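Student: One predicted model, sequence on top.
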Amino acid sequence: MSSATVATVEGLTVSYRAGSGRVTVVEDVDLTLRAGRTLGLVGESGSGKSTVARTLLGHLRDGSRIDAGRVTVLGDDVFALSGHDLRQLRGATVSVVAQNAGQALTPSLRIGAQIREALQVHGLPDGEDRVVELLRLVRLPSPETIGRRYPHELSGGQQQRVAIAMAVATEPQVLVLDEPTTALDVITQAAVLALVNDLREELGMAVLIVSHDLGVVSAVADDVLVLREGREIESGPTMQVLGSPQEDYTRELIEAAPRIEGTDAPAVRDADEDTVLRCADLDIRYPGAPRLAVSDFALELRRGETVAIVGESGSGKSTVATALAGLAPVERGEAGLRSRDGQWHDLLAPVAKRPVAVRRSVQMIFQNADLALNPRRSIADAVARPLVVFGRASGRREVRETVLRLLGEVGLGPEFADRVPAQLSGGQRQRVGIARALAAEPTLLIADEITTALDVSVQADVLELLAELRDRHALSCLFISHDLAVVRGVADRIVVMKDGRVAETAPTAALFDSPRHPYTRSLLEAVVEPGSTHLPESDADAKVLTLDPSATLVDAGGGHLVRNDEGADLP
């Protein structure tokens, strides 16, 4: 395999305008990209990793400038190129795969047309045969017909594969992947990473992968560079840096990463025996959809207990959450909630038709805190709204005092109250989302993929905070996630869903120690963690079975239920 140098960053220092002065965001950073090798660029939000990656395409954010150093691709100084040469560099020599493929694709254009457009921009053959060839290259099913679909008709993993097909269409020398698996479940993640590995070898590209997921970097990168506040902390071969880190900061990142192995399930707590949520035989169908999104879902949740629902994209886990929050229609079944006054309330009605007591009792923390907060309103306004709506505080002074107390509970000082969301980090915005949910004094807290976009250290802080608040306020939590390592550390029980049905449910320790359903085992096998030296099989997504609609849950004892599909370990 060739190891020729393709791109370099030498002594790079970047600053941006801040008021009347300038702030340095990258300082004296060096890296080398070689053909056929992958470099992992890791660090927390604000570390400068995305800034460094974007310089390979000649991109700088508004108000930024290079104060020192140079960036070269194939020996050419990127920032000395003419406009014409720079346009040729972008997409032809250096290609990028964005974090959110769904947002990067044009919703009104068919997939094939978008790939054809990428080829046309660079004057390359754009016939149907070439489009199908690229779709086949990225292992998409039915490549002859999938090009006729629109982005919304594809799963998240399929959208990511389309984005990769567009990026490699020009056979670039350098492929930059910016957080490519953040929103993907473990099975889809494993398949996408294996695909990138295969393409790197087939096309001989240099790959730069920007990620806060140390498991991903460990499994795919040959070398790693750790950044903190724009400065290089440590670099070298991946197994050396992540296996035997020399710097305290690197060790802290590794220790903060959630793991399946070596992570204990939560200690068995004295959860109040009172059941606060009871669901039975739930069928959920979106308007106009030919098939049910969720079938025969059942769950009981006790006061003070956390139950996690896990599964790949399209499994139905978030659909259950949104239905219980009154944001998705329930076609059949029963769902009831016991509020703090002991009264049972029906949860089948949409949120707009629910009594105030029910709306107050069920609160949701959303995955994307950026979209969940009004960008034009202050943090104090966001937290104050449920206080006023649900009558928990009245008068300007009482509302203000309660807002400051709630922000304090989630670790945010009074100086945050008058800021707007753009002035907060991702972790801080997620804390505001938690404070806003707490303002209603709910019985049930639904957390939908709340750690997906957070750095490992911030993720650990948010999860610890959520556990403290759950215990302090006797909250019952429904935790939706595709991250099994995160789930192991926070959940008392786990429900595994596949194709809208429950495949297995068990106490956390039992499920991880003795998974009984073949789908649960495939989820665990697909996980990559810090220290991983290989990826799961590249056809991991093809191995996953389809559940038998006639199968039923069988009691394996100790609260462990498993669906009696083929391959299940039945009692």
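Tutor: Noted; the coordinates are in hand.

Student: measure stretch 446-453 end to end?
Tutor: 17 Å (C-alpha to C-alpha, to the nearest Å).

Student: mind starting the numbering at 21 from now?
Tutor: Noted, 21 is the first residue going forward, which turns the last one into stretch 466-473.

Student: Just the mean pLDDT for that stretch, thanks.
Tutor: Per-residue confidence for stretch 466-473 averages out to 85 on the pLDDT scale.

Student: show me where pLDDT drops low in the chain?
Tutor: By pLDDT under 70, the low-scoring segments of the chain are 21-22, 203, 281-293, 551-565.

Student: Which residue is most remote from the mean position of it?
Tutor: No residue in the chain has its C-alpha farther from the mean C-alpha position than Gly415, which lies at 39.3 Å (C-alpha atoms, centre = their mean).

Student: And that one, how far from Val440?
Tutor: Gly415 sits 24 Å away from Val440, going by C-beta to C-beta, to the nearest Å. For every residue, glycine as well, the C-beta is placed using N, CA and C.

Student: Now do the contacts for the residue farthest from the centre of the chain.
Tutor: For Gly415, no residue counts as a contact, taking C-beta atoms under 8 Å, 6 or more residues apart in numbering as the criterion.

Student: Start and end of stretch 492-506, how far apart?
Tutor: The first residue of stretch 492-506 is 21 Å away from its last residue (C-alpha to C-alpha).

Student: got it, and stretch 53-61?
Tutor: Across its full length, stretch 53-61 reaches 11 Å end to end, with C-alpha to C-alpha as the criterion.

Student: And the contacts of that stretch?
Tutor: Contact partners of stretch 53-61, identified using C-beta under 8 Å, 6+ apart, comprise 21-28, 51-52, 69, 72-73, 76, 193-194, 217, 220-221, 224-231, 236-237, 240-245, 247, 258.

Student: if you set the cut-off to 7 Å instead, what comes out?
Tutor: The contact list for stretch 53-61, computed with C-beta atoms under 7 Å, 6 or more residues apart in numbering, reads 21-27, 51, 69, 72-73, 194, 220-221, 224-231, 237, 240-245, 247, 258.

Student: and what of stretch 418-429?
Tutor: So stretch 418-429 is contacted by 400, 403-404, 407-408, 413, 434, 436-437, 455, 458-459, 489 (C-beta under 7 Å, 6+ apart).

Student: For Ala413, which three-state class applies?
Tutor: Going by DSSP: H, G, I helix; E, B strand; the rest coil, the secondary structure assigned to Ala413 is coil.

Student: who's in contact with it?
Tutor: The contact partners of Ala413, by C-beta under 7 Å, 6+ apart, come to Leu407, Val419, Thr422.

Student: Got a PyMOL select line for the buried ones in these?
Tutor: Selection command for PyMOL covering only the buried members of these, criterion 16 or more other C-beta atoms under 10 Å:
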select buried, resi 407+419+422
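
Student: What is the nearest of the contacts of Ala413 to Leu464?
Tutor: Ranking the contacts of Ala413 by separation from Leu464, with C-beta to C-beta as the measure, puts Leu407 on top at 18.7 Å.

Student: quick one: the closest one from Arg298, how far?
Tutor: When C-beta to C-beta is applied, the distance between Leu407 and Arg298 equals 29 Å.

Student: Then Ala343?
Tutor: As it turns out, when the distance is counted by C-beta to C-beta, Ala343 lies 14 Å from Arg298.

Student: Between these two, which has more neighbouring residues?
Tutor: More crowded of Ala343 and Arg298, by other C-beta atoms under 10 Å: Ala343, with 25 against 16.

Student: ok, now which ones touch that one?
Tutor: Contact partners of Ala343, counting by C-beta under 7 Å, 6+ apart, are Ile304, Val350.

Student: Could you rerun that using 8 Å?
Tutor: Contacts for Ala343 (C-beta under 8 Å, 6+ apart) come out as Leu302, Ile304, Val314, Pro349, Val350, Ala355.

Student: which one of these sits closest to Leu504?
Tutor: Of all the contacts of Ala343, the one sitting nearest Leu504 is Val314; the distance, using C-beta to C-beta, is 20.6 Å.
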